[in-house]
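# take a look and give me a structure for this.
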Amino acid sequence: MFRLFVSETSQTITKLLQWQTKRTNFKVGLICIVVALALTLNRYFGDYRFVLSILESIELYELSNLFRSFMLRHSDAQLHQLMFWACSIILFYFIVPILVIVLVIKEKLSNYGLAPNYSFSNYRPYLIMIISMAPLVVYFSGTDSFLASYPFYRIGKNENFYPNFVIWELFYFLQFIALEFLFRGFLLHGTKRRFGVYAIFVMTIPYCMIHFGKPLPETIGAIVAGIVLGAMSLKSKSIWPGVMLHYGIAIIMDLSVLYRKGML
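Modelled structure (predicted):
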């Protein structure tokens, strides 16, 4: 009788483990595919020129003319282009993964780094990183490649910072939330049970690749940042300290470049 009980219990545990393994493998595969699709769709549909070509190819001429006017002929066309790009990132990097988590994977969003963590011990390393990285950011802001790249919104001669530049910085912040969520939330926390700490390095590969085309120091720095931010996200179980660090460095870069251009 005891042997029968042990045998049945062992079989039940084995089936549960097999089911759990299959579920984990399915989730990991799904997450990787969703991330690949998110990166691809944003690469194309985040470019207003691609969207414009699609509208024209399907002969929606009135809509394409309206879209062209909004993106190219409007007095705030530059802001509209940047906002369109930021909204694309928010859609594909944030909203789509959230829908997958809620509707398909059916897990809590807090499991993917969205839970706020107010412990100062989790934010202290990020503050130290901002302070230590600020001199490097200020230094590189004087190089030709960074002067040509930042800030994304080009302030015109005699143009005030408000409202357009301020509006852009708000959207810039929102896209950083989406960016951190896709990599340090959805991809990292979604695969950590399968890959363990190596999920950090899996996440770092596509994160580095989205920096291709940017200045070389920034792209190489993305490898280091991906590993460090990934490790900290695993420890804190939250993306929010990373959002603050990422945006803090971006603001320092923008302001440093503007200062070097004599606009501050």
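# now the most centrally placed residue in the chain. Nearest residue, chain neighbours left out?
Among the residues of the chain, the one closest to the centroid is L179, at 0.9 Å (CA atoms, centre = their mean). Excluding the flanking residues, the one nearest L179 by CB to CB, 6 or more residues apart in numbering is Y93, at 5.9 Å. (Each C-beta comes from the backbone N, C-alpha and C, glycine too.)
# distance of that neighbour relative to S110?
Y93 sits 18 Å away from S110, going by CB to CB, to the nearest Å.
# contacts only, for the residue nearest to the centre of the chain.
Contacts for L179 (CB atoms under 8 Å, 6 or more residues apart in numbering) come out as I89, Y93, H246.
# one step back: the residue nearest to L179 and V104, how far apart?
17 Å.
# look at these two and report which has more neighbours.
Per other CB atoms under 10 Å, whichever of Y93 and V104 has more neighbours is Y93, with 27 against 12.
# neighbours of G113, how many?
Count around G113 with other CB under 10 Å applied: 25.
# buried residues in stretch 127-143?
Buried positions in stretch 127-143, judged by neighbour count with 16 or more other CB atoms under 10 Å: M129, I130, M133, V137, V138, F140, S141.
# tell me the two of these that are most distant?
Within the buried residues of stretch 127-143, M129 and S141 form the most distant pair, 17.4 Å apart (CB to CB).
# who touches stretch 106-122?
By CB under 8 Å, 6+ apart, stretch 106-122 touches 97-98, 101-102, 180-181, 184-186, 188-190, 232-233, 235-241.
# now with 6 Å?
Residues from elsewhere that reach stretch 106-122 (CB atoms under 6 Å, 6 or more residues apart in numbering): I101, G185, F186, H189, S233, S236, S238, I239, W240, P241.
# got a markdown table for the residues you listed, with neighbour count, pLDDT and secondary structure too?
Listed next are these as a markdown table, based on neighbours: other CB atoms under 10 Å; pLDDT from 0 to 100; DSSP: H, G, I helix; E, B strand; the rest coil:
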| residue | neighbour count | pLDDT | secondary structure |
| --- | --- | --- | --- |
| I101 | 22 | 98 | helix |
| G185 | 31 | 97 | helix |
| F186 | 29 | 98 | helix |
| H189 | 25 | 97 | helix |
| S233 | 25 | 93 | helix |
| S236 | 21 | 88 | helix |
| S238 | 25 | 93 | coil |
| I239 | 30 | 94 | coil |
| W240 | 23 | 91 | helix |
| P241 | 24 | 86 | helix |
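# and the helix or strand where L37 lies, average pLDDT?
If you go by DSSP states H and E, L37 is part of helix 2-45. Across helix 2-45, pLDDT averages out at 73.
# how about stretch 62-79?
96.
# what are the buried residues along that stretch?
S64, F67, R68, M71, Q78, L79.
# so which of these belong to helices?
Members of the buried residues of stretch 62-79 lying in helices (criterion: DSSP state H): S64, F67, R68, Q78, L79.
# ok, the closest residue to the first one other than its chain neighbours to S69 distance?
What it means is S64. Excluding its sequence neighbours, the residue lying closest to S64 (CB to CB, 6+ apart) is L55, at 3.8 Å. Distance from L55 to S69, counting by CB to CB: 12 Å.
# who are the neighbours in contact with V137?
V137 makes contact with I249, I252, M253 under the criterion CB under 6 Å, 6+ apart.
# how about P217, what does it touch?
Taking CB under 6 Å, 6+ apart as the test, what P217 contacts is F140.
# what segments of the chain are strands?
Counting by DSSP state E, the chain has no strands to list.
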